[in-house]
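Visitor: Generate coordinates for the sequence data below:
(chains A and B)
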Protein chains: 2
Amino acid sequence: MDREDGNSGGQAATAFSRRRIDGDTFERMVCDNCGFVRYDNPRIVVGSVCVWGERVLLCRRAIEPRRGFWTLPAGYLELNESAEAGARREAWEEARARIAVDDLIGVYSLPHISQVQLIFRARLESDDVSPGPESETVRLFDWRDVPRRALAFPSVHWALDHYRQVKDRRDFAPFRGPPDNPAA
Amino acid sequence: MDREDGNSGGQAATAFSRRRIDGDTFERMVCDNCGFVRYDNPRIVVGSVCVWGERVLLCRRAIEPRRGFWTLPAGYLELNESAEAGARREAWEEARARIAVDDLIGVYSLPHISQVQLIFRARLESDDVSPGPESETVRLFDWRDVPRRALAFPSVHWALDHYRQVKDRRDFAPFRGPPDNPAA
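Guide: Okay, here's the model as predicted:
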């Protein structure tokens, strides 16, 4: 669950102003020179609770934010990628894990960081896992050994808890994460 | 379900090149002048199948694409907005409808247009609806009168069909739309 730091890797030299364009409800960033409209959109994080028998895969982050803390294999959905394919890619990138993606366990809206997280449950195709470039190490934990105080993000807690709650169920509604704010 | 035409309302005068930046898996659009990285991300569409008793709300589009065709109240999620709040906003913007958002009926990945659609079922708080600026007209249809051949987008068909399939159910897994491509 990476790159929660915003939409850009740097600062644009071009001057953008916040303006309301014709027919739109919201103000947008518009280039003062050419009128290019930069739509900033919320982003989709995809990931999975990957299990091998009674053990769960976690990755210790090699990068900021939350370097050294444990997380699920998860990250931003890419262009031209389904949510399921994105979850498989992240499992490979972060833990060299091949997975079978099953049910959706969480659809977490995080409006304060403009994210929607889609978290699946998944089965590892083998216990042969190893760290990708964004992980210091990866490990299969017995549930009782999950390092609860060293998890990287709140949504890792939610996903692990929700996984456990629906463990023996099929055809269930995904959890929707933090309580919705009806006034928003 | 608007603005399926890409991420920009115009063309940038600034020169961007597709380059692989350090530590990234994918090539990104990088400004030749200042190094600004423009991450293009898939976008989230939120919407709902809104019912009033045995009738369903549809909106006849006043704008392209698919002007004159019927759609659900749906559109792009905005920054700092939960999925549920976005669905409520779209119902208001397109049909001046106040709704109570219930279960998630569809999580449709559309990788060819880099969208994930989150479609809820919702109850209208009254049958007092009227067109917003993007709708020519809005109407509550008996199910048998839904204009199946004049629906705007495939996902409108899916959502209406899926709504009907789970109509009398609670706590069900949302449909995941078009078959996933395991090779993707």
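
Visitor: could you pull out the helices for chain A?
Guide: Per DSSP state H, chain A has helices spanning A:83-95, A:154-165. These are given in chain order.

Visitor: Which secondary structure element of chain A has the lowest mean pLDDT?
Guide: Taking mean pLDDT, DSSP states H and E as the measure, the helices and strands of chain A show their lowest mean at strand A:37-38, namely a mean of 76.

Visitor: For the lengthiest strand in chain A, buried residues please.
Guide: The strand that spans the most residues within chain A, counting by DSSP state E, is strand A:99-110. Residues A:99, A:101-110 are the ones in strand A:99-110 that count as buried (16 or more other CB atoms under 10 Å in any protein chain shown). Every residue, glycine included, has its C-beta placed from N, CA and C.

Visitor: Among those residues, which ones lie close to chain B?
Guide: By CB under 8 Å from any CB of the partner chain, the members of the buried residues of strand A:99-110 lying near chain B are A:101, A:103-104, A:107, A:109.

Visitor: about what we covered before: can you say which two of the buried residues of strand A:99-110 are spatially most distant?
Guide: Using CB to CB, these reach their maximum pairwise distance at A:I99 and A:S109, which is 24.4 Å.

Visitor: Who does A:C31 form a beta bridge with?
Guide: A:F16 (DSSP bridges).

Visitor: nearest to A:F175, of the buried residues of strand A:99-110?
Guide: When the buried residues of strand A:99-110 are compared against A:F175 (criterion: CB to CB), the nearest one is A:G106, at 4.8 Å.

Visitor: what's the spacing between the residue most central in space within chain A and A:Y76?
Guide: Residue closest to the average C-alpha location in chain A (CA atoms, centre = their mean): A:V45, at 3.3 Å. According to CB to CB, to the nearest Å, A:V45 stands 6 Å off from A:Y76.

Visitor: Tell me where chain A has strands.
Guide: Assignment of strands within chain A using DSSP E yields the ranges A:16-20, A:27-31, A:37-38, A:43-52, A:55-61, A:70-71, A:74-76, A:99-110, A:115-124, A:135-142.

Visitor: Could you list the low-confidence segments of chain A?
Guide: In the predicted model, chain A carries pLDDT under 70 at residues A:1-14, A:23, A:178-184.

Visitor: Mind doing that once more with 90?
Guide: Within chain A, the ranges that satisfy pLDDT under 90 run A:1-40, A:177-184.

Visitor: I figured A:A85 hits B:P111, correct?
Guide: Yes: using CB atoms under 8 Å as the test, A:A85 is close enough to B:P111 to be in contact (7.3 Å).

Visitor: if we can go back for a sec, taking helix A:83-95 as reference, get the angle to the longest strand of chain A.
Guide: Here the directions of strand A:99-110 and helix A:83-95 differ by 100 degrees (axes from the mean of the first three to the mean of the last three CA atoms, to 10 degrees).

Visitor: how far off strand A:55-61 does strand A:99-110 point, in degrees?
Guide: Using the same axes, to 10 degrees, one finds that strand A:99-110 and strand A:55-61 are set 60 degrees apart in direction.

Visitor: Which strands or helices does strand A:99-110 pack on?
Guide: In terms of contact count using 3 or more CB pairs under 8 Å, 6 or more residues apart in numbering or on different chains; DSSP states H and E, strand A:99-110 is assigned the packing partners strand A:43-52, helix A:83-95, strand A:115-124, helix A:154-165, helix B:83-95, strand B:99-110.

Visitor: Tabulate the ones you listed (CSV), appending distance to A:A173.
Guide: Conversion of the helices and strands packed on strand A:99-110 to CSV gives the following (distance: least, CB to CB, whole Å):
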stretch, distance to A:A173
strand A:43-52, 16
helix A:83-95, 17
strand A:115-124, 14
helix A:154-165, 11
helix B:83-95, 13
strand B:99-110, 6
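
Visitor: For A:R28, find the nearest of these.
Guide: With respect to A:R28, and counting by CB to CB, the nearest of these is helix B:83-95 at 15.8 Å.

Visitor: Could I get the buried residue list for the closest one?
Guide: Buried residues in helix B:83-95, defined by neighbour count with 16+ other CB under 10 Å: B:83-91, B:93-95.

Visitor: ditto for stretch A:143-155
Guide: Residues of stretch A:143-155 classed as buried under the neighbour-count rule (16+ other CB under 10 Å) are A:146, A:151-153, A:155.
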